[in-house]
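S.K.: Here is a sequence together with a model predicted from it:
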Amino acid sequence: MRAVRFGEYGGPEVLRAVDTDVPEPGPGQVSVDVAYAGVNFADLKARAEGYRVTALPCVPGLEVSGRIRALGPGVEGLAVGQEVAALTEGGGYAEVAVADAVTVFPLPAGRDLRAAATLPTVLPTAYALLHSVGRLRAGESVLVQGAAGGVGTVAGQLARAAGAGRVIGIASSEAKAAYALKYGYDSVLPGTPGFAAAARELTDGRGVDLALDPVGGETFRETREALAVFGRIVSFGNASSAPAWQVGQPELFPTANLVGGFSILTLARTAPQELRALAERAFAVPGVELPVTGEFALADAAEAHRLMGSRTSTGKLLLRVTG
């Protein structure tokens, strides 16, 4: 089969299309003939920094859509030939990928294979950030970093559907801000120093009830400063690659703030059944759209990485494998 992998860490140029063996599913796993693979920032960090890479060479790719090729021992409730979306632990940039059956989902009603490839990481993540971890209540205000990205696009819509009082986004350019405004946001601020004060102005000086941050570093610290009394902040990534943040009594006690965290990849390992229940709730929310703004052939995965790495992309990028 054809796959894209890297044998050393570096820029997009280290990605190579190769012929390799077809993987077989083990106990509790399925193999999938991949139609589309999602491109995620975690793939870029894996290629550049070794994020979650256990050995080289490595085939990246955390989410796919396609048809079940084979069932491993002990798998029930799924069938060969069934159209599915799947969260993987890697290996998605290939004609055949293997996933644990617990993170393989029949296509939601009304979704084709192309749309389904946008779902496994982004929709459950956005849902968990707002509901499972962030505990959003109707009427509360929300601040979302990376409003024009995949999670940001979905989080704006989910917050609006949940009855948020004001939904504020942060974006890195005017073009991204204009894009994000179409997906549930009342206002989108530039991601430059001072955004916390601007967010407070938009909430009449009160601050936001819930903030979501995938960036880390100084951005996380300023995002926390935008919180209202009893406000919550949820970290779900470290796109800045900054040293791990620390927050304690001096920062949290004065306004009684809470800090939470979420990683869909970690939850898939530590509590896969909880992740499955979460994903099923997320997939059931009607009307959520994640536009595919870039589609590349499998062999052109390096170009998809260059576009995402330029920080100019919006929405979702996909690799067309056998689509």
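M.R.: Yep, that arrived. Residues are numbered from 1 along each chain as shown.
S.K.: C-alpha only now, for contacts and for neighbours.
M.R.: OK.
S.K.: what's the span of stretch 232-239 from first residue to last?
M.R.: 20 Å (C-alpha to C-alpha, to the nearest Å).
S.K.: Report the buried residues of stretch 2-12.
M.R.: Neighbour-count burial for stretch 2-12, with 16 or more other C-alpha atoms under 10 Å as criterion, is recorded at 2-6, 9-12.
S.K.: Then stretch 224-236?
M.R.: Under the neighbour-count criterion of 16+ other C-alpha under 10 Å, stretch 224-236 has 224-229, 231-236 buried.
S.K.: ok, residue 176 - contacts?
M.R.: By C-alpha atoms under 8 Å, 6 or more residues apart in numbering, the contact list for residue 176 reads 147-148, 312, 314.
S.K.: gap between stretch 129-137 and the chain center?
M.R.: Taking the mean of its C-alpha atoms, stretch 129-137 sits 16 Å from the chain's own mean (C-alpha atoms, centre = their mean, to the nearest Å).
S.K.: and that stretch, what's its mean pLDDT?
M.R.: Across stretch 129-137, pLDDT averages out at 98.
S.K.: contacting residues around it?
M.R.: Judged by C-alpha under 8 Å, 6+ apart, the contacts made with stretch 129-137 from elsewhere in the structure are 128, 155, 158-159, 162-164, 210, 212, 232-234, 236, 260-262.
S.K.: Out of these, who's the most crowded?
M.R.: Neighbour counts for the contacts of stretch 129-137, by other C-alpha atoms under 10 Å, peak at residue 155, which reaches 32 neighbours.
S.K.: Once you drop chain neighbours, what's closest to that residue?
M.R.: Spatially, and ignoring its direct neighbours in sequence, residue 155 is nearest to residue 126 (5.1 Å; C-alpha to C-alpha, 6 or more residues apart in numbering).
S.K.: can you confirm residue 151 is in a strand?
M.R.: No. Assessed with DSSP: H, G, I helix; E, B strand; the rest coil, residue 151 is helix; it does not lie in a strand.
S.K.: could you pull out the helices for the stretch 51-200 of the chain?
M.R.: Using DSSP state H, counting those that start in this stretch, the helices assigned to the stretch 51-200 of the chain run over residues 113-116, 122-127, 150-161, 174-180, 195-202.
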